[in-house]
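In: Can you look at this prediction? I've put the sequence above it.
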Amino acid sequence: MTTATAGTMTLFTTDGGARVPEADLWCSYAAVRGLHWLGAVPADPDAVATFMASRQNADGGFAWQRGLPSDIWATYYCTQTLRDLGRPVPHRDALTAWLPELRSDGGFGMSPGRPADVWATYYAARTSTEILGLPVPDLPGLGRWLASCQHDGAGVGWQPGSDQPDVRAGYYAANAWRAVAGDAPVPLHRDGAVRWLRDRQGPDGGMGFTPGAESCTWAAFRAVRALNALGATVAGPDALRRWLAARRLPGGGYERWDGYGSADVWSCFTVAGTLEVLDGCVGDDPATVELVRGFQQPGSGFTYRDPGAAGDSLATAAALLSLPAGDARAGSLVGWLRAAQLPYEDGVMYMPGRGAEIRCTLWAAAALAAHDRHLDLSRLRRWLRTLQNVDGGFGYWHGRGSDLTSTVSALELAETAGIDAATTIDLAALRRFVDAERARQPVTLTGTAQIARALALLGATTQAAGLAATMSGWAGPLGGYSATPRGIPDLLSTYQGVLTTQVCGAFTDLAALRRLLRKLRTGDGYAWSPLSRDPAGPLANCLGALLTATADGRLPVLPRLNL
Amino acid sequence: MTDTELRNAVRDTVSGLLEQVLTAEQDDSPLAGLAPGRYDSLGVLDCVGLVEERFDVEIDLVSDDLRSTFASVAAIAALIGRKRRDQSVLQALL
């Protein structure tokens, strides 16, 4: 067992896990929009509006967390929530200037410079037309791009060339087109798309995301609305109504699939959103309204269920990595993480009920490995196989465009979990993606560190060592590493730098590391920056404690963790 | 180490960082004025790192108010002297 002791700031939850203290954007959007469909508003609308507005960056876009770069995923959720709450979107001029930077290959990417995917294209289309009231230029180009995502004239995939059609991708494509082109004919083989979507209804009356997938409320929501955008309905609406009614739980709200047994913000959102289209309205449901209202954190936004019982995989993994040896709480944290590898997704979700994410799965695998435990490896292998994109890289979750951090995380997940990467991942394609990123990316510490570690795992050890040796260019006199040369060192960059020197066989300056850690240690935890006095929460505390264990010689090699 | 020896050592350290010889007469002069191209905000942080390594003291980037405590050779020497006296008092108590 290899863990490091952190402070006592972990928020343990009654579901056996732990949680980050902040509210969540996606939950906040789903809660506000779900309540909107139910004819209600949050108990404290000002607090959630303030929370969402606080995620806006100077470029006008919004970010998942403060300090991160803007992306259209966060921008869509924040702006739509503000709209539902009747609040203006601040800095519209900046947002208007930022949005066109996402245009890529005819569609839109999640952030400037990223390849297009159908999620991002949908979010950008709706943000442009519904929030900014601006037409999207080059509709024929967008139409061609959407058409190229359709597989064999039937289901729609995440990106051009994808052979994995999915109900969600069909929803995004059809509704992106409706947002930008109104009633103009959809640039898909419509009949084939409608037939493929209708065929997702199972004998139980529910809908699944893909052929053979189990029925869930999320798939019902996406399928009904995708068909609606295509001017069609599900094959058996009454059977679907019966299936949805059977998901109703005694205390209000709905379970997401048969046997799940508990309600969360997304199951309530998806059922309300399905009924809104299926029946034209959602009937009075005060029990579900009160349930969802109870998911709001005091003075902030929402989480996915009662905050005291709403563990998340990053905080839980961080807590497990930080527990002292022999701590009795390890068992429940291990159980929580293993249970977060929910049926039908195969990876680990940030919050149970949303899509499995590569970064969270890496944290979970690393935390479990530190306690000699592991996830279901056969399902993990299957997930990694389906997650790889046609360009050889990986995205945050199924269907997201590739990025370097996710791609390296996939490789490091295989290494951490003990999965044979050569028989699970197309390593030649992954290497091509990494090489392309290396040529494309500006030279940053994180990018260089991650490329070096990827090359090491791909067997290019000499190249990896050469890159790792350049880490010294980001080392400064205060100790540790900074994101930019001669910048102020920070905890996250230092973790990346030290991990890279360790696994690539380069020199690790432990004395310098100790100097920086003395500056980052604050109160009962660690700050992200030596310029801060505030402990930055469970993730920073975990990384700080692991680095301290390394600096003290108690931890020879850091776990592979990316954020 | 006497106060004079400390100030000499600080001057030597800062001269090395700025790559220019500083004299005792310049001890109270603002370093940003003596080396405007080198002693910017990042140069101050470089100086903090060097001082910590050479004099075995810990500088707090928030509470030690670097704009005044790292403004000149004299100010840096005064800060180090104060931190060393604090360390001595603390060690005597332990």
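Out: Good, I have the coordinates.
In: how about the strands in chain A?
Out: A:11-12, A:18-19, A:103-104, A:107-108, A:521-522, A:525-526 (DSSP state E).
In: contacting residues around the residue of chain B found nearest chain A?
Out: When scored by Cβ to the nearest Cβ, chain B has B:Gly49 as its residue closest to chain A, at 2.2 Å. To be clear about C-beta, it is placed using only N, CA and C from the backbone, and glycine gets the same treatment. If a contact means Cβ atoms under 8 Å, 6 or more residues apart in numbering or on different chains, then B:Gly49 has A:Gly476, A:Pro477, A:Leu478, A:Gly479, A:Arg515 as its contacts.
In: Quickly name whichever of those residues is closest to chain B.
Out: A:Pro477 (2.2 Å).
In: Which residue is the nearest non-sequential neighbour of that closest one?
Out: B:Gly49 (2.2 Å; Cβ to Cβ, 6 or more residues apart in numbering or on different chains).
In: Could you tell me which residues of chain B lie near chain A?
Out: Selection of chain B residues close to chain A by Cβ under 8 Å from any Cβ of the partner chain yields B:Leu42, B:Leu45, B:Asp46, B:Val48, B:Gly49, B:Leu50, B:Glu52, B:Glu53, B:Glu58, B:Asp60, B:Leu61, B:Val62.
In: Tell me who's in contact with A:Thr444.
Out: A:Ala483, A:Thr484.
In: thinking again about what came up before, most neighbours per residue, which of the strands of chain A?
Out: Each of those was scored by mean neighbour count; the highest is strand A:107-108, a mean of 30, by mean count of other Cβ atoms under 10 Å in any protein chain shown.
In: Report all helices and strands that it contacts.
Out: Helices and strands touching strand A:107-108, by 3 or more Cβ pairs under 8 Å, 6 or more residues apart in numbering or on different chains; DSSP states H and E, are helix A:118-126, helix A:139-148.
In: Reformat those helices as JSON lines; add mean pLDDT, mean neighbour count and distance to B:Ser29.
Out: Below are the helices and strands packed on strand A:107-108 laid out as JSON lines (pLDDT from 0 to 100; neighbours: other Cβ atoms under 10 Å in any protein chain shown; distance: least, Cβ to Cβ, whole Å):
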{"stretch": "helix A:118-126", "mean pLDDT": "97", "mean neighbour count": "27", "distance to B:Ser29": "55"}
{"stretch": "helix A:139-148", "mean pLDDT": "97", "mean neighbour count": "18", "distance to B:Ser29": "62"}
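In: Quick one, which of the ones you listed gets closest to chain B.
Out: With Cβ to the nearest Cβ as the yardstick, what comes closest out of the helices and strands packed on strand A:107-108 is helix A:118-126 (36.2 Å).
In: Could you give the separation of that closest one from the chain centroid?
Out: Computed by Cα atoms, centre = their mean, to the nearest Å, the chain-centroid distance of helix A:118-126 equals 16 Å.
In: any idea of the angle that helix forms with helix A:139-148?
Out: 150 degrees (axes from the mean of the first three to the mean of the last three Cα atoms, to 10 degrees).
In: Using PDB, write out every CA atom in helix A:118-126.
Out: What follows is helix A:118-126, C-alpha atoms only, in PDB (Å, rounded to 0.1, in the frame of the first residue of the first chain):
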ATOM      1  CA  VAL A 118     -20.700  16.700 -32.800                       C
ATOM      2  CA  TRP A 119     -21.100  17.600 -29.100                       C
ATOM      3  CA  ALA A 120     -19.200  20.800 -29.600                       C
ATOM      4  CA  THR A 121     -21.000  21.600 -32.800                       C
ATOM      5  CA  TYR A 122     -24.400  21.300 -31.100                       C
ATOM      6  CA  TYR A 123     -23.300  23.500 -28.200                       C
ATOM      7  CA  ALA A 124     -21.800  26.100 -30.400                       C
ATOM      8  CA  ALA A 125     -24.800  26.200 -32.700                       C
ATOM      9  CA  ARG A 126     -27.300  26.700 -29.900                       C
END
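In: Which elements pack onto the lengthiest helix in chain B?
Out: For chain B, the helix with the greatest residue count under DSSP state H is helix B:73-93. With contacts taken as 3+ Cβ pairs under 8 Å, 6+ apart, helix B:73-93 sits against helix B:3-18, helix B:41-55, helix B:66-69.
In: which residues sit against that helix?
Out: Helix B:73-93 is contacted from outside by B:3, B:6-7, B:10-11, B:14, B:22, B:26-28, B:31, B:47, B:51, B:55, B:57-59, B:64, B:68-70, using Cβ under 8 Å, 6+ apart.
In: Tell me the buried residues within those residues.
Out: Of the members of those, the ones counted as buried by neighbours, 16 or more other Cβ atoms under 10 Å in any protein chain shown, are B:6-7, B:10-11, B:14, B:22, B:26-27, B:31, B:47, B:51, B:55, B:57, B:59, B:64, B:69-70.
In: what's the distance between the residue nearest to A:Arg514 when sequence neighbours are not counted and B:Leu45?
Out: Counting by Cβ to Cβ, 6+ apart, A:Arg514 lies nearest to A:Ala551, which is 4.7 Å off, once chain neighbours are set aside. Going from A:Ala551 to B:Leu45 by Cβ to Cβ, to the nearest Å gives 20 Å.
In: can you check A:Arg354 too?
Out: 41 Å.
In: just A:Ala263 next, same as before
Out: 51 Å.
In: returning to what we had before: got a markdown table for the strands of chain A, with mean pLDDT too?
Out: Shown next, in a markdown table, are those (pLDDT from 0 to 100):
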| stretch | mean pLDDT |
| --- | --- |
| strand A:11-12 | 92 |
| strand A:18-19 | 96 |
| strand A:103-104 | 94 |
| strand A:107-108 | 97 |
| strand A:521-522 | 90 |
| strand A:525-526 | 94 |
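In: Which one, of the ones you listed, ends up nearest to A:Gln441?
Out: Closest of the strands of chain A to A:Gln441 is strand A:103-104, at 15.7 Å (criterion: Cβ to Cβ).
In: That closest one: partners in the sheet, and parallel or antiparallel?
Out: In the sheet, strand A:103-104 lines up against strand A:107-108 (antiparallel) (DSSP bridges).
In: so how far is the strand it pairs with off the chain centroid?
Out: Distance, centroid of strand A:107-108 to centroid of chain: 19 Å (Cα atoms, centre = their mean).
In: Equivalent analysis for stretch A:392-412, please.
Out: That offset, for stretch A:392-412, works out to 11 Å (Cα atoms, centre = their mean).
In: Equivalent analysis for stretch A:345-361, please.
Out: From the chain centre to the centre of stretch A:345-361 is a distance of 8 Å (Cα atoms, centre = their mean).
In: Alpha carbons only: can I get that stretch in PDB?
Out: The C-alpha coordinates for stretch A:345-361 follow below in PDB (Å, rounded to 0.1, in the frame of the first residue of the first chain):
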ATOM      1  CA  GLU A 345     -20.400   2.500 -19.400                       C
ATOM      2  CA  ASP A 346     -17.300   0.400 -18.400                       C
ATOM      3  CA  GLY A 347     -15.200   3.400 -17.300                       C
ATOM      4  CA  VAL A 348     -15.500   5.400 -14.100                       C
ATOM      5  CA  MET A 349     -17.700   8.400 -14.000                       C
ATOM      6  CA  TYR A 350     -17.000  11.700 -12.300                       C
ATOM      7  CA  MET A 351     -20.400  11.500 -10.700                       C
ATOM      8  CA  PRO A 352     -22.400   8.300 -11.000                       C
ATOM      9  CA  GLY A 353     -24.900   8.800 -13.800                       C
ATOM     10  CA  ARG A 354     -22.900  10.900 -16.300                       C
ATOM     11  CA  GLY A 355     -20.600   9.500 -18.900                       C
ATOM     12  CA  ALA A 356     -17.400   7.700 -17.900                       C
ATOM     13  CA  GLU A 357     -14.400  10.000 -18.100                       C
ATOM     14  CA  ILE A 358     -10.800   9.000 -18.900                       C
ATOM     15  CA  ARG A 359      -9.200  11.300 -16.300                       C
ATOM     16  CA  CYS A 360     -11.500  10.100 -13.500                       C
ATOM     17  CA  THR A 361     -10.900   6.500 -14.400                       C
END
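In: can you pull the buried residues of that stretch?
Out: A:345-354, A:356-361.
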